[in-house]
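**Q** generate a structure from the sequence data that follows.
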Amino acid sequence: MTLPRVIVFDLGKVLLDFDYGRMAARMAGRSGISQEAIHALIDQSPLLHDLESGRISSQEFFLTIQARAGYLGDFCRFTREFGDIFDPIPEMIDLHRKLATAGFPTCIFSNTNDLAIAHIRERYPFFNGFTDYVLSYEHGCMKPHAKLYEVVEETTLFNGVDILYIDDRPENIEAGATRGWQTILQVNAKTTIDRIRAIGCLP
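**A** Model (predicted):
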């Protein structure tokens with residue numbers, strides 16, 4: 001098996017778990033619709049996709065949520081509630097530390113938005129330890145669009161089997177595999193770490 005030259009990590013459900021239900025629960029007390037309706041309005045919705053593909057700004061996203069949900073909080077409160085949905089996956093954060101210490105360049109490759117990233121940069125120091133970052137909202141498209149995978153190759157200066165890519169979404173993994181990348185579909189931290197060791201990246 002070929003030893004990769006760069007390790008590419010998805011963010012959500014790989015390094016950080018997340019739950020939009022927490023945000024919906026906090027917003028419900030200041031909104032005119034139910035917690036369930038707020039959750040449906042945000043989680044993997046067309047509106048969220050517009051934000052994470054850079055088609056709308058975070059302010060436009062907020063104003064749309066405010067109008068549709070009857071949300072009474074201001075933008076600052078909204079950004080706190082929107083950002084505070086994450087929990088670390090300690091084993092994976094430790095895996096990144098070990099790989100970086102072993103000399104592997106590492107890259108975050110994520111469908112995400114500026115509100116989430118601002119919160120993560122402030123709250124989770126590990127996030128600042130990557131070599132490169134390819135974030136969907138900065139490039140006008142989302143995984144599994146081929147353009148974003150090209151950006152990873154251009155940014156890291158590697159392609160094909162030199163890239164090892166970890167993601168929890170089968171469609172995203174498939175898009176990497178079609179480019180010749182080595183891939184790991186994350187089911188849980190243990191199986192990912194076992195695969196990393198089997199490839200030879202760690203003892």
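
**Q** where does this protein dip in pLDDT?
**A** Judged by pLDDT under 70, the chain has no weakly predicted residues.

**Q** would you list every one of the strands in it?
**A** All strands of the chain, identified by DSSP state E, fall at 6-9, 16-18, 86-88, 106-110, 132-135, 163-167, 182-185.

**Q** nearest to residue 32 among those would be which one?
**A** strand 16-18 (25.1 Å; CB to CB). Where you see a C-beta, it was placed from the backbone N, CA and C, and this is true even at glycine.

**Q** show me what that closest one is packed against.
**A** strand 86-88 (3 or more CB pairs under 8 Å, 6 or more residues apart in numbering; DSSP states H and E).

**Q** contacts only, for residue 9.
**A** Under the criterion of CB atoms under 8 Å, 6 or more residues apart in numbering, the contact list for residue 9 reads 15, 92, 96, 106, 107, 108, 109, 130, 166.

**Q** list the contacts of the nearest residue to residue 93 once chain neighbours are set aside.
**A** Leaving aside its chain neighbours, residue 93 sits nearest to residue 126 (4.9 Å; criterion: CB to CB, 6 or more residues apart in numbering). Shown in contact with residue 126 (CB under 8 Å, 6+ apart): 15, 88, 93, 96, 97.

**Q** with residue 166 instead?
**A** Residue 166 neighbours (CB under 8 Å, 6+ apart): 7, 8, 9, 10, 14, 183, 184, 186, 192.

**Q** pretty sure residue 107 is touching residue 155, no?
**A** Yes. Counting by CB atoms under 8 Å, residue 155 is a contact partner of residue 107 at 6.9 Å.

**Q** more neighbours, those two?
**A** residue 107 (20 against 17; other CB atoms under 10 Å).

**Q** can I get the strands of the chain in CSV with distance to residue 47?
**A** Output for the strands of the chain, formatted as CSV (distance: least, CB to CB, whole Å):
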stretch, distance to residue 47
strand 6-9, 26
strand 16-18, 17
strand 86-88, 20
strand 106-110, 18
strand 132-135, 18
strand 163-167, 23
strand 182-185, 28
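
**Q** what about the closest residue to residue 123 other than its chain neighbours, distance to residue 15?
**A** With sequence-adjacent residues excluded and distances taken as CB to CB, 6+ apart, residue 123 is closest to residue 86, at 7.4 Å. To residue 15, residue 86 is 9 Å away according to CB to CB, to the nearest Å.

**Q** ok, back up a step: overlap in contacts, residue 107 and residue 155.
**A** Residues touching both residue 107 and residue 155 (CB under 8 Å, 6+ apart): 132, 134.
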